[in-house]
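Student: here is a sequence together with a model predicted from it:
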Amino acid sequence: MSEASFIYLSQEDAVACGAADVSATVADTERTTLLAYQGKAIEAPTATLFWGVPAEKLKNFVGYPSKKRANIHAGYIDDDGVEKVALKNIPSNPDNPANNKGPRASGLVTMLDPETGYPISVMDAMVISCMRTGALGAIGVKHLRRANSSSVGLIGVGPINQAALACTAEVMPELKTAFVYDFKAERAAAFASEYSEKLGIDVVPVKTAREAVADADVVIPATNVQTIDDAYIDEDWMKRGSLLVDLSIWDATWDTLARADRYVMNSELSLERKTMTPHVLVSKGIAKESDILDLGKVIAGQAQGRENDDDIIVYFARGMAIYDVMCGYRVYETALQKGIGQTLDLWKAPFWS
């Protein structure tokens, strides 16, 4: 049997091959959402390992029982006959930055040959993962915002909301103002200065999370909130006609979620994840499955995203491996075209055959 090899792409390599490309990531994310709606994507159940807490705390827990965790994801896409398959592992600890141990998370995307299952590329996951998460929020903004919306409110200014603001500006040309709150005021101020210049909009640091929400047409929290017990976006914060992009989970209270006029999810596949917001919303009787609109149906032109300008809409933007599959495949193809990356042997000759 012949030898097997794969291309390794560092974070710098992945960026050089388009991992941080805003418009390409938005397009990939929107197309993936459509393909999922059309039944052309498969998302495997997520395997999550928590550690650093007593074992009994892990039983029947909704949310994140420990900050120390590792998620393993897998997805498949049939993109008009081009099969794309990948795995993603993403270990994280939100305390890393405060402890001077680097970013919150690391990770790897492993692209697989759809016929043999062998790896064809292993690449840094973090830029891809942050960008597609921000883009996932942005495609909701594209299809669900009220006409003449001109402002967004960001809670948290880490990598996710850096990507979210860039991607939102891509799909929302009328964007004029972004209100930003972070528990570290100096970080919010630095973010405001950087993105005012980058995007040519008025980015305004504010002193409280409520200030970021109250006057915003679109609200995007990207925080490290662990459980619904820590939710802080109260029902009277959201103005009529606004869109809440539920990007980081558990930021909005049950009352806030219950007050919404419409619920939208990026894919019905997310309902299979029993500890995540859409499924919990249904299990608590706040909404029926039939009440939650699949954004793919809107993208396909089979439903309206927003029916009334005064409606408050909650969009559940749940990250899934299928998005890493699509973006990772684009990065891999670009690496092949540009000759970027290091070829590593899986084997010269298999030990067993």
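Tutor: Received, thanks. Numbering: from 1, shown residues only.
Student: domain parsing for this structure?
Tutor: 4-128+321-347, 138-316 (automatic domain parsing).
Student: how about those in a markdown table, adding mean neighbour count, distance to Ser353 and mean pLDDT?
Tutor: The C-beta positions use only the backbone N, C-alpha and C, and glycine is treated the same way. A markdown table is the format used below for these (neighbours: other CB atoms under 10 Å; distance: least, CB to CB, whole Å; pLDDT from 0 to 100):
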| stretch | mean neighbour count | distance to Ser353 | mean pLDDT |
| --- | --- | --- | --- |
| domain 4-128+321-347 | 18 | 10 | 93 |
| domain 138-316 | 20 | 36 | 94 |
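Student: which parts of the stretch 251-353 of the chain are helices?
Tutor: In the stretch 251-353 of the chain, the helices defined using DSSP state H, counting those that start in this stretch lie at 254-259, 277-283, 295-299, 321-338.
Student: repeat for the stretch 1-150 of the chain
Tutor: So, for the stretch 1-150 of the chain - with DSSP H, counting those that start in this stretch - the helices run 11-16, 22-37, 126-144.
Student: may I have the second one exported as PDB, CA atoms only?
Tutor: I take that to be helix 22-37. The C-alpha trace of helix 22-37 is given here as PDB (Å, rounded to 0.1, in the frame of the first residue of the first chain):
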ATOM      1  CA  VAL A  22     -14.300  38.200   6.300                       C
ATOM      2  CA  SER A  23     -16.400  38.100   3.000                       C
ATOM      3  CA  ALA A  24     -15.300  34.500   2.200                       C
ATOM      4  CA  THR A  25     -16.200  33.400   5.800                       C
ATOM      5  CA  VAL A  26     -19.600  35.100   5.600                       C
ATOM      6  CA  ALA A  27     -20.300  33.400   2.300                       C
ATOM      7  CA  ASP A  28     -19.200  30.000   3.500                       C
ATOM      8  CA  THR A  29     -21.300  30.300   6.700                       C
ATOM      9  CA  GLU A  30     -24.400  31.300   4.800                       C
ATOM     10  CA  ARG A  31     -24.000  28.500   2.300                       C
ATOM     11  CA  THR A  32     -23.500  26.000   5.000                       C
ATOM     12  CA  THR A  33     -26.600  27.100   6.700                       C
ATOM     13  CA  LEU A  34     -28.600  26.600   3.500                       C
ATOM     14  CA  LEU A  35     -27.000  23.200   2.800                       C
ATOM     15  CA  ALA A  36     -27.900  22.100   6.400                       C
ATOM     16  CA  TYR A  37     -31.500  23.100   5.800                       C
END
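Student: distance between the ends of stretch 145-162?
Tutor: 20 Å (CA to CA, to the nearest Å).
Student: kindly report the same for stretch 258-277.
Tutor: OK, stretch 258-277 end separation, CA to CA: 12 Å.
Student: same check on stretch 258-269?
Tutor: Span of stretch 258-269 from end to end, CA to CA: 22 Å.
Student: same deal with stretch 219-230?
Tutor: End to end - CA to CA - stretch 219-230 spans 18 Å.
Student: what does it contact?
Tutor: 62-65, 67, 94, 104, 137, 152-156, 158, 160-161, 164-165, 168, 209, 212-213, 231-233, 238, 242-254 (CB atoms under 8 Å, 6 or more residues apart in numbering).
Student: now do that stretch: distance to the chain's middle.
Tutor: A distance of 14 Å separates the centroid of the chain from that of stretch 219-230, by CA atoms, centre = their mean, to the nearest Å.
Student: now do stretch 61-81
Tutor: That offset, for stretch 61-81, works out to 11 Å (CA atoms, centre = their mean).
Student: now stretch 298-311
Tutor: With CA atoms, centre = their mean, you get 21 Å for stretch 298-311.
Student: equivalent analysis for stretch 2-18, please.
Tutor: 23 Å.
Student: who's in contact with it?
Tutor: 19, 24, 118-124, 126-128, 330-332, 334-336, 338, 340-350.
Student: let's see that with 6 Å instead.
Tutor: With CB atoms under 6 Å, 6 or more residues apart in numbering as the test, stretch 2-18 has contacts from 24, 118-124, 127, 331, 334-335, 340-348.
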